[in-house]
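Undergrad: got a predicted structure plus its sequence, pasted below:
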Amino acid sequence: MTHTGSEAVPRPAAKLTLLTLTAMVVGSMVGAGVFSLPRRFAQETGVAGALIAWAVAGTGMLMLAFVFQTLAVRRPDLDAGVYAYAKAGFGEYLGFFSAFGYWASACVGNVTYWVLIMSTVGAVAPVLGNGDTVTAVVVSSVGLWGFFLLIRRGVKEAAAINRIVTVAKIVPIVFFVILALFYFEPSVFADNFGGTDYAGSLFGQVRGTMLATVFVFLGVEGASVYSRHAKRREDVGRATVLGFLSVFAVFASVTIVSYGLLPMAEIAELRQPSMAGVLESAVGTWGQVFVSVGLIVSVLGAYLAWTLMAAEVLFVAAKDKDMPRFLKRSTAGDVPDAALLMTTCLSQVVLVVTLFSDDAFNFALDLTSALSLIPFLLAAAFAVRIARRPGRRTDVVGRSTRRELVIAVVATLYTAFLLYAAGLKFVLVSFILYAPATLLFIKSRREQGRRLFSPGEAVICAVSVVGAAVGVAALAVGWIEL
């Protein structure tokens, strides 16, 4: 790594074990989403639709986990996972879009964590409201910059804290499932099986839950993104699959057992975090307090992991000359401080924007999911290309090529379906963010004295600009509401 001026000379990258990498995957996925699952699902579907939705999401995301496992082995030369795969498969500009989209989704997702924490505490401190008051934003901002200082101390220190926090936050979630099973009422569960009148068709119910499942599974690629710090390369794939299987069982259980405690319509009206309201209905106020404390620990742990991964993507993109060179600056402790600062700043901006939103948590949650779909789709499509055209890196395991092709195709179809499920609204809003981000790409090209766009890249840029213009127009005339 080359450093100039005041940049510190880094120590060798901190090496992470299988346990720590797995904890980062679990820590990335187990955050705000799991505590909001009962209400999000009850607003869309009953038990039958929930079972189908988890089957679809579980299968699709498992295929994505296998894709990241395969790519970690087939292309060990690629760091920062999602971004690097898109660039290697489809060129620098789409690679840049993948890096920016993944980074932006992490920043928006981090804001949902602070909003939910403030909303949780707001149940006993009304001045915090639903996490979108001035006081809530000020308190969240203090936490935001506190974590910036913590992470800047060093990767190893932050990763170690994440491992401890991961264990601490899994315990109350598992305890919730056990208590819910103890108070489970079969008659209530049966009444919720087919859904209610507002749920609509079964296909519509399943489609309505897809973005929620994407949000809770974001982070499945965590070990891949952080692969340059792995002690052994094969641990990256193992950590991805182990982490996914662990949290899938937890997420599905939290959703399904909730239908056995309250009528679906009542769950749909609960204050977020709805898991707290569900448990309170069974055991009383202490259940709400118990879940609320678990949520705060869980969300802070997920925030730590996501901030680490977001900064890592910008840093590696800058190293590869796909982002402006100032983002490749790092400290002596191997922390990409410029990328970390930019990540914190964007989260701060979005946090302030929540003051002007009617439903900051749900919109930010869905936008986070939508922004992540393009990076996932490009990574899965790259896996298809590798499986179809095995080269030197895949000859050693040629017997599994057909299996890998099937997995990659299923993962690609799944992410394409998620884009459809997201709907035109979030696709257009994503374009509004993607199009101006091209200025960073242009700055990088100018720093290198290169042509700004190839003919193919110019077409992609034009499409993104048109999409952004349509999105802005749709917002202006009220076709889309934030």
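TA: Looks like it came in fine.
Undergrad: give me the neighbour count for residue 336.
TA: 28 (other CB atoms under 10 Å). In this view, the C-beta of every residue, glycine as well, is placed from N, C-alpha and C.
Undergrad: what pLDDT does it get?
TA: pLDDT recorded at residue 336 is 81.
Undergrad: report the contact partners of the closest residue in space to it that isn't next to it in sequence.
TA: Of all residues not flanking residue 336 in the chain, residue 315 sits nearest, at 3.4 Å (CB to CB, 6 or more residues apart in numbering). Shown in contact with residue 315 (CB atoms under 8 Å, 6 or more residues apart in numbering): 80, 327, 328, 330, 336, 338, 339.
Undergrad: which stretches of the protein form strands?
TA: Ranges of strands within the chain: none, based on DSSP state E.
Undergrad: distance of the residue nearest to residue 143 when sequence neighbours are not counted from residue 179?
TA: With CB to CB, 6+ apart as the criterion, residue 143 has its nearest non-adjacent residue at 6.5 Å, and that residue is residue 114. Distance of residue 114 to residue 179, given as CB to CB, to the nearest Å: 28 Å.
Undergrad: now residue 139
TA: According to CB to CB, residue 139 and residue 179 sit 30 Å apart.
Undergrad: same question for residue 64.
TA: Distance from residue 64 to residue 179, by CB to CB: 32 Å.
Undergrad: which one of these two is surrounded by more residues?
TA: Legend: neighbour count by other CB under 10 Å for residue 64 and residue 179, higher for residue 64 (27 against 19).
Undergrad: so what's the more buried one closest to, chain neighbours aside?
TA: Residue 64 sits nearest to residue 411 (CB to CB, 6+ apart), 4.8 Å away.
Undergrad: I'd assumed residue 59 was in contact with the one you found.
TA: No. Between residue 411 and residue 59 there is no contact under CB atoms under 8 Å: 9.7 Å.
Undergrad: compare those two (neighbour count), which wins?
TA: residue 411 (28 against 13).
Undergrad: now stretch 456-476: buried residues?
TA: By neighbour count on 16 or more other CB atoms under 10 Å, the buried set for stretch 456-476 is 457, 460, 461, 464, 467, 468, 470, 471, 472, 474, 475.
Undergrad: now, those that are in helices?
TA: In helices, defined here by DSSP state H, the members of the buried residues of stretch 456-476 are 457, 460, 461, 464, 467, 468, 470, 471, 472, 474, 475.
Undergrad: around the residue nearest to the second one when sequence neighbours are not counted, count how many other residues there are.
TA: Spatial nearest neighbour of residue 460, excluding adjacent residues (CB to CB, 6+ apart): residue 93 at 5.7 Å. A count of neighbours around residue 93, defined by other CB under 10 Å, yields 23.
Undergrad: ditto for the one 5 residues further on
TA: Here the neighbour count serves as a burial measure; for residue 98 (other CB under 10 Å) it reads 31.
Undergrad: contact partners for it?
TA: For residue 98, the contact set (CB under 8 Å, 6+ apart) comprises 82, 83, 85, 86, 87, 374, 375, 378, 379.
Undergrad: please redo it, this time with the cut-off set to 6 Å
TA: Going by CB atoms under 6 Å, 6 or more residues apart in numbering, residue 98 touches 82, 83, 86, 375, 378.
Undergrad: highest neighbour count among the residues you listed?
TA: Neighbour max across the contacts of residue 98 (other CB under 10 Å) = residue 83, 31 neighbours.
Undergrad: ok, now how distant is the closest residue to it other than its chain neighbours from residue 403?
TA: Residue nearest to residue 83 in three dimensions, not counting chain neighbours: residue 99, with 3.8 Å by CB to CB, 6+ apart. Here the criterion is CB to CB. By it, residue 99 lies 29 Å from residue 403.
Undergrad: the two: who's more crowded?
TA: Neighbours were counted for residue 99 and for residue 403 using other CB under 10 Å; residue 99 has more, 28 against 13.
Undergrad: how close does the more buried one get to residue 478?
TA: Residue 99 is 33 Å from residue 478, by CB to CB.
Undergrad: ok now stretch 85-95, how far from the chain's centre?
TA: Relative to its chain's centre, stretch 85-95 lies at 20 Å (CA atoms, centre = their mean, to the nearest Å).
Undergrad: pull up the distance across that stretch, start to finish.
TA: 8 Å (CA to CA, to the nearest Å).
Undergrad: lowest average confidence, helix or strand, in this structure?
TA: Ranking every helix and strand in the chain by mean pLDDT, DSSP states H and E puts helix 222-225 at the bottom, with a mean of 53.
Undergrad: list the contacts for residue 311?
TA: 336, 339, 340, 343.
Undergrad: closest one of these to residue 309?
TA: Nearest to residue 309 out of the contacts of residue 311 is residue 343 (CB to CB; 9.6 Å).
Undergrad: give me the pLDDT for the closest one.
TA: Residue 343 carries a pLDDT value of 89.
Undergrad: touching, it and residue 308? I think so.
TA: No. Applying CB atoms under 6 Å, one finds residue 343 not in contact with residue 308, separated by 9.4 Å.
Undergrad: which pair in the contacts of residue 98 spans the largest distance?
TA: Spatially, the most separated pair among the contacts of residue 98 is 83 and 378, at 9.2 Å (CB to CB).
Undergrad: show me what the biggest helix by length in the chain is packed against.
TA: Across the chain, the longest stretch assigned as helix under DSSP H is helix 401-447. Applying 3 or more CB pairs under 6 Å, 6 or more residues apart in numbering; DSSP states H and E, we find helix 401-447 packed against helix 47-74, helix 92-122, helix 202-217, helix 360-388, helix 455-477.
Undergrad: from residue 321, how far off is residue 449?
TA: Residue 449 is 11 Å from residue 321, by CB to CB.
Undergrad: who's more crowded, the two?
TA: residue 321 (15 against 6).
Undergrad: may I have the phi/psi pair for that one?
TA: phi 70, psi 30 (degrees, to the nearest 10).
Undergrad: so what pLDDT did it get?
TA: 82.
Undergrad: for it, give me its contacts.
TA: Contacts of residue 321 (CB under 6 Å, 6+ apart): none.
Undergrad: now do residue 11, the pLDDT please.
TA: At residue 11, pLDDT is 44.
Undergrad: what about residue 169, how many residues nearby?
TA: Neighbours of residue 169 (other CB under 10 Å): 24.
Undergrad: if we ignore the residues flanking it in sequence, what's nearest it?
TA: residue 298 is the one closest to residue 169 (CB to CB, 6+ apart), at 3.6 Å.
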